[in-house]
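**Q** got a sequence here, can you model it:
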Amino acid sequence: MAKTRVIVVGAGIAGPILAIFLKTRGYDPIMYERLPSPGEGGLSFLLQPNGLRVLSLIPGLIEQIPGRSPDRMIHCSSLDGKEDILVDDDISPDTMRERFGFPLIGVRRTEFQRLLIDTAEKHGIEIKWGHQAIEFEQSEDAVEVTFANGTKDTASFVVGCDGLHSNTRIALFGKEKANFTGLAQFGGLSPTPPTLRGQFALVNNYGNGRHMVSYPVAEDKHSWAITTREAEVKEDWKTQHVEQQNEIRRGPLSDWGFGAGDLVKTGQKIVKYGLYDRPELKSWFKGRIVLLGDAAHPTSPHLGQGANQAFEDVYHMMRLLKKYNPSTGQPSTELLSQVFSDYQDLRISRTSELVRQARQQGEARVVEGIDACRVRDEKIRMGSHDDAARMARFELLSGPFKDSEM
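**A** Residues are numbered from 1 along each chain as shown. This next block holds a predicted model:
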């Protein structure tokens, strides 16, 4: 009997993971990606224990991740010429494994995507580059996808993992207005500055009207991103022109303390992008097509949970497919509706709350005026003793399962 064919739209981060799980569980996935080759967009992200717990279900994958774990998390403030350590926590791999079973790992997006693509291809999964999905036609037992280059393909069902600017989402629910939040980010990769050598610290640096997060992604390299309030900036993640990069390197942020200024001065491939809100979807599927990851619940980056929540989506999607379709045979639309309904009922409330928390975190970090900044700094200092916040963090990083049901 022919295996159930699944089209995965998007070969960024979530798509390859989903495809690998589908393949190893007996489905026949194929990935389509609109870009002509693995992308150079994006800087890095922090893989957290809840995301790594899902990745651990792919044998040998975590051991190959080309990143670096931080040992400490430091919150520091530079205000009015005064520099102050607000919080200094132990987040070493040993400590994180003891608390959550897995460490934190800072990783460059391009290197991590390449690992996932290589792993998918080793599992025999075909990836078609340069294919932008533009039209989806559903029948009783299949979906026909048309691509911008004229190619067509048919599968039993389709999962849209095509990210922030998802064509699958637009096809299902129409084009939505994205609203600028008033916050912009710019960031880059830099050699580890002298201040941070040998520490491997995740540093949150607070200033007047600005916030920087930085963390190691290799033995000698840090990734960093600065959030500020600005007039509207495009959401394109494109590397700035050479002169624009030089203006940032020479600008006032180059004097920032605790190594932040050194990171700015030595930044490579500096990108700048606006942060936008999108309407919260009430449903993530129609018929035999469903959304996953940023396509379903795009978020601002202030909690660092974007990729990690996508991996949680993958886990629950696969768990529910096993529950309702253990034979991996050709599913009816009714069966898929049960899978997708349970999936969205579980995930929409969870991810919507995290999207709200990320937005609030960004607003709380970037305040203007010395007095307001001092209030913010004191809240950060006291927050390290907040039992409710600690419990929420424990629950977040301990997900999405204790014993896998996949």
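**Q** alpha carbons only for contacts and neighbour counts from here, please
**A** OK.
**Q** shaky segments in the stretch 1-150 of the chain?
**A** Across the stretch 1-150 of the chain, nothing is flagged by pLDDT under 70.
**Q** point out where the stretch 301-406 of the chain drops to low pLDDT.
**A** For the stretch 301-406 of the chain, no range has pLDDT under 70.
**Q** now do the strands in it.
**A** Secondary structure of the stretch 301-406 of the chain (DSSP state E, counting those that start in this stretch): no strands present.
**Q** and the stretch 51-200 of the chain, by the same measure?
**A** Per DSSP E, counting those that start in this stretch, the stretch 51-200 of the chain has strands spanning 67-68, 72-79, 82-90, 105-108, 126-129, 133-138, 143-147, 152-155, 157-160, 179-191. These are given in chain order.
**Q** JSON lines please, covering those strands and showing distance to residue 37.
**A** As requested, the strands of the stretch 51-200 of the chain are arranged in JSON lines below (distance: least, C-alpha to C-alpha, whole Å):
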{"stretch": "strand 67-68", "distance to residue 37": "22"}
{"stretch": "strand 72-79", "distance to residue 37": "35"}
{"stretch": "strand 82-90", "distance to residue 37": "39"}
{"stretch": "strand 105-108", "distance to residue 37": "17"}
{"stretch": "strand 126-129", "distance to residue 37": "6"}
{"stretch": "strand 133-138", "distance to residue 37": "16"}
{"stretch": "strand 143-147", "distance to residue 37": "16"}
{"stretch": "strand 152-155", "distance to residue 37": "20"}
{"stretch": "strand 157-160", "distance to residue 37": "18"}
{"stretch": "strand 179-191", "distance to residue 37": "22"}
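**Q** got those as CSV, with mean neighbour count columns?
**A** Below are those laid out as CSV (neighbours: other C-alpha atoms under 10 Å):
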stretch, mean neighbour count
strand 67-68, 23
strand 72-79, 20
strand 82-90, 15
strand 105-108, 24
strand 126-129, 18
strand 133-138, 17
strand 143-147, 19
strand 152-155, 16
strand 157-160, 25
strand 179-191, 20
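**Q** these: which one's closest to residue 290?
**A** Relative to residue 290, the nearest member of those by C-alpha to C-alpha is strand 157-160, separated by 5.0 Å.
**Q** contacts for that closest one next, please.
**A** With contact meaning C-alpha atoms under 8 Å, 6 or more residues apart in numbering, strand 157-160 is reached by 5-10, 142-143, 166, 168-169, 288-292, 295.
**Q** in strands, which of the residues you listed appear?
**A** Counting by DSSP state E, the contacts of strand 157-160 place 5, 6, 7, 8, 9, 143, 289, 290, 291 in strands.
**Q** OK, contacts around the nearest residue to residue 316 once chain neighbours are set aside?
**A** Nearest in space to residue 316, with sequence neighbours left out and distances taken as C-alpha to C-alpha, 6 or more residues apart in numbering, is residue 343 at 6.5 Å. Going by C-alpha under 8 Å, 6+ apart, residue 343 touches 313, 316, 317, 320.
**Q** quick one: those residues as TSV, columns for neighbour count and distance to residue 136 too.
**A** Compiled in TSV, these are given as follows (neighbours: other C-alpha atoms under 10 Å; distance: C-alpha to C-alpha, whole Å):
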residue	neighbour count	distance to residue 136
313	26	22
316	24	24
317	23	21
320	20	24
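**Q** right, and the pair among those with maximum separation?
**A** Applying C-alpha to C-alpha across those, the maximum distance is between 313 and 320, 10.7 Å.
**Q** please state the offset of stretch 85-97 from the chain centre?
**A** In this view, stretch 85-97 has its centroid 22 Å away from the chain centroid, taken as C-alpha atoms, centre = their mean, to the nearest Å.
**Q** now swap in stretch 58-67 and tell me
**A** For stretch 58-67, the distance to the chain centre is 17 Å (C-alpha atoms, centre = their mean).
**Q** offset the numbering so it begins at 32, please.
**A** Got it, first residue is 32 now, which makes that one stretch 89-98.
**Q** rewinding a little: nearest to residue 49 among the strands of the stretch 82-231 of the chain would be which one?
**A** Among the strands of the stretch 82-231 of the chain, strand 188-191 sits nearest to residue 49 (C-alpha to C-alpha), with 9.0 Å.
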